[in-house]
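In: This is a predicted model, with the sequence first.
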Amino acid sequence: MKRLSWFDGARPGARRLGRWISGMLRRTVSRVSDEQPSAAVPAKTNRRQLLGQLKFLPALGLASWPREAKSADAAVETVDAVTAPTRIVINSEDSNEYWRLKTLDLDSERAARKQQRMPVAKIGNLTLGRLICGSNLISMNMHARDLHYVNGLARAYNTEERIFMTLKKCEENGCNSIILKDNNFRDFRLANYWKDWGGRMVWLADVITRDIRQYERRLVQHLELGAASAYLWGGAADTWFSEGNPDHIVQAYEIMRKYDIPVGIGAHRLEPIAFCEREGLKPDYYMLTLHHDRYWSAHPEENRRFIEMYESNSPDHSQYHDNMFCHRPEETIAFMQDVKVPWIAFKVLAAGAIQPREGIQYAFDGGADFICLGMFDYQVEEDARLIQQCATQAASRKRPWR
């Protein structure tokens, strides 16, 4: 007969103990969601002292460690299965910044001064900062090439509270709009940001579907959640065009025009935008990729194919591997010179392969009117400052500002 260990015999109790330990750890380390600022980790408590206070927890925590996670891959799979991460605030600086942002009055004199530094422009009836917050760091679509740990790392860092902090910091620095999908809105309970944090972020809806029969239903789902604008997802525009169904682009545009919102059309390739111009469509903005190809992971021009980003990644370094989003940047810049529709450029850093100042300056010089960047909270202030500086340096660019 197999000898039973204490752990095997006490498994249900161990699980209950593990849940109690986890709850106590969350309350001890991160009280920011349920208590007043004075109850957070004391300002003089550093990480070493905090770990000393919790030194008994690792031994007890063994009882609650998931027995199924026997490898690094299994642990990553467990992380990826989570839809809305739990809070992680581990030091007094995080706690203090959380409460500063949550209680920040965006109409205060100090906040207003910071917001006024951001250059703004109009899209339809919306006045937006020229920096727009992307959503891939919320949806965890990191375009990490062969760095398989990055999505899990982003998910562990970008907790619900951290995302709220990021949004408020964006607004504080004049970035007052965000690209969002409805599942992002639901998964991270973003309605609470507007309700509990005093947020006023304008939501541009990225309506994800390639089925034109489902387009209006999906659009309405976003609008019912509070989206102020919507645009045709680039994945749909690219696919429909490549499959010989560009009329679907026109149909989606006409569906969006039925609603009282600014309407956009997105693409990762120039051809769908050129088609819209030829057809005489008049969207309120285009959402089009722009970045140069002078970075290490860019594959050779002769190997680039129109629809490659929707196919399986190649293990061949000379082929596509989630690494390029604007095939012909010079041609894109030349074509957009005469386009009078405001242009939101995205993927301007080639998903992190290009340094921020270089990518932003290239996009503004090339004619982009707005820059969409996915940002973690610690990147917001620097990116806002770069937008201000690069827009000033691009004052003499060829394409007029829209």
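Out: That came through fine.
In: list the contacts for Asp219?
Out: Quick fix: residue 219 reads Leu, not Asp. Counting by C-beta atoms under 8 Å, 6 or more residues apart in numbering, Leu219 touches 205, 207, 230, 255-256, 259. C-beta coordinates here come from the backbone N, C-alpha and C atoms, glycine included.
In: Mean pLDDT per helix and strand in the chain: which one sits at the bottom?
Out: helix 72-80 (a mean of 33; mean pLDDT, DSSP states H and E).
In: Weed out the non-buried ones from the contacts of Leu219.
Out: Buried residues within those, defined by neighbour count using 16 or more other C-beta atoms under 10 Å: 205, 207, 230, 255-256.
In: and which of these is nearest Arg305?
Out: Val207 (25.8 Å; C-beta to C-beta).
In: Now do the contacts for the closest one.
Out: By C-beta under 8 Å, 6+ apart, the neighbours of Val207 are 181, 215, 218-219, 222, 230-233.
In: Give the full set of residues in contact with the nearest residue to Ser297 once chain neighbours are set aside.
Out: Nearest in space to Ser297, with sequence neighbours left out and distances taken as C-beta to C-beta, 6 or more residues apart in numbering, is Asn323 at 4.5 Å. Neighbouring residues of Asn323 by C-beta under 8 Å, 6+ apart: 143, 145, 297-299, 350-351, 353.
In: Now render these as CSV, adding distance to Gly244.
Out: Formatted as CSV, the contacts of Asn323 follow (distance: C-beta to C-beta, whole Å):
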residue, distance to Gly244
His143, 28
Arg145, 31
Ser297, 31
Ala298, 29
His299, 26
Ala350, 29
Ala351, 29
Ala353, 32
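In: top of those residues by neighbour count?
Out: Counting neighbours by other C-beta atoms under 10 Å, Ala350 leads the contacts of Asn323 with 22 neighbours.
In: and that one, that's in a strand?
Out: No - Ala350: not assigned to a strand; according to DSSP: H, G, I helix; E, B strand; the rest coil it is coil.
In: Isn't it up against Leu290?
Out: No - Ala350 lies out of contact with Leu290 (C-beta atoms under 8 Å); the separation is 10.0 Å.
In: shared neighbours, these two?
Out: With C-beta under 8 Å, 6+ apart, Ala350 and Leu290 have common neighbours Cys326.
In: Verify the stated contact: Arg269 with Phe325.
Out: No - between Arg269 and Phe325 there is no contact under C-beta under 8 Å: 9.3 Å.
In: Report the set of residues contacting both of these two.
Out: Jointly contacting Arg269 and Phe325 under the rule C-beta under 8 Å, 6+ apart are Thr289.
In: looking at it, Gln116 is touching Gly174, isn't it?
Out: Yes - applying C-beta under 8 Å, one finds Gln116 in contact with Gly174, separated by 7.2 Å.
In: the more surrounded of those two?
Out: Using other C-beta under 10 Å, the more surrounded residue of Gln116 and Gly174 is Gly174, with 22 against 10.
In: Not counting its neighbours along the chain, what's nearest the more buried one?
Out: With C-beta to C-beta, 6+ apart, the residue lying closest to Gly174 is Met118, at 2.5 Å.
In: Next up, identify which helix or strand that neighbour is on.
Out: Per DSSP states H and E, Met118 falls between elements, in no helix or strand.
In: so who does it touch?
Out: Contacts of Met118 by C-beta under 8 Å, 6+ apart are 129-131, 173-175, 384, 387-388.
In: can you put those in TSV and add secondary structure?
Out: Shown next, in TSV, are the contacts of Met118 (three-state DSSP):
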residue	secondary structure
Gly129	strand
Arg130	coil
Leu131	strand
Asn173	coil
Gly174	coil
Cys175	coil
Ala384	helix
Ile387	helix
Gln388	helix
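In: Report the two of those residues separated the most.
Out: Using C-beta to C-beta, the pair of the contacts of Met118 lying farthest apart is Arg130 and Asn173, separated by 11.9 Å.
In: For the protein, which residues score under the pLDDT cut-off?
Out: Within the chain, the stretches with pLDDT under 70 are 1-90.
In: mind giving me the domain split of it?
Out: Using automatic domain parsing, the domains assigned to the chain come out as 6-79, 109-393.
In: so which of these gets nearest Pro400?
Out: When the domains of the chain are compared for distance to Pro400 using C-beta to C-beta, the nearest one is domain 109-393, at 8.5 Å.
In: partners of the host helix or strand of Ala205 in the sheet?
Out: Per DSSP H and E, Ala205 falls inside strand 202-207. Strand pairing for strand 202-207, using DSSP bridges, gives strand 177-180 (parallel), strand 229-232 (parallel).
In: okay, the last one in CSV with CA atoms only?
Out: Taking C-alpha atoms only, strand 229-232 is exported to CSV below (Å, rounded to 0.1, in the frame of the first residue of the first chain):
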residue,chain,number,x,y,z
SER,A,229,-16.0,56.5,-32.3
ALA,A,230,-15.4,53.4,-34.3
TYR,A,231,-13.2,52.3,-37.1
LEU,A,232,-12.9,49.3,-39.4
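In: what's in contact with it?
Out: Taking C-beta under 8 Å, 6+ apart as the rule, strand 229-232 contacts 123-124, 126, 202-207, 219, 222-223, 249, 252-253, 256, 259, 261-266, 283-285, 287.
In: can you give me phi and psi for Phe325?
Out: phi -130, psi 0 (degrees, to the nearest 10).
In: dump the residue contacts of the residue nearest to it when sequence neighbours are not counted.
Out: Spatial nearest neighbour of Phe325, excluding adjacent residues (C-beta to C-beta, 6+ apart): Lys347 at 3.9 Å. The contact partners of Lys347, taken as C-beta under 8 Å, 6+ apart, are 268, 289-291, 325-326.
In: Closest one of those residues to Ile307?
Out: Looking across these and measuring by C-beta to C-beta, the closest to Ile307 is His268, at 9.8 Å.
In: any idea how far the closest one is from Val220?
Out: 25 Å (C-beta to C-beta, to the nearest Å).
In: Settle it for me: which of those two has more neighbours?
Out: Neighbour count, other C-beta under 10 Å: between His268 and Val220, His268 has more, with 22 against 15.
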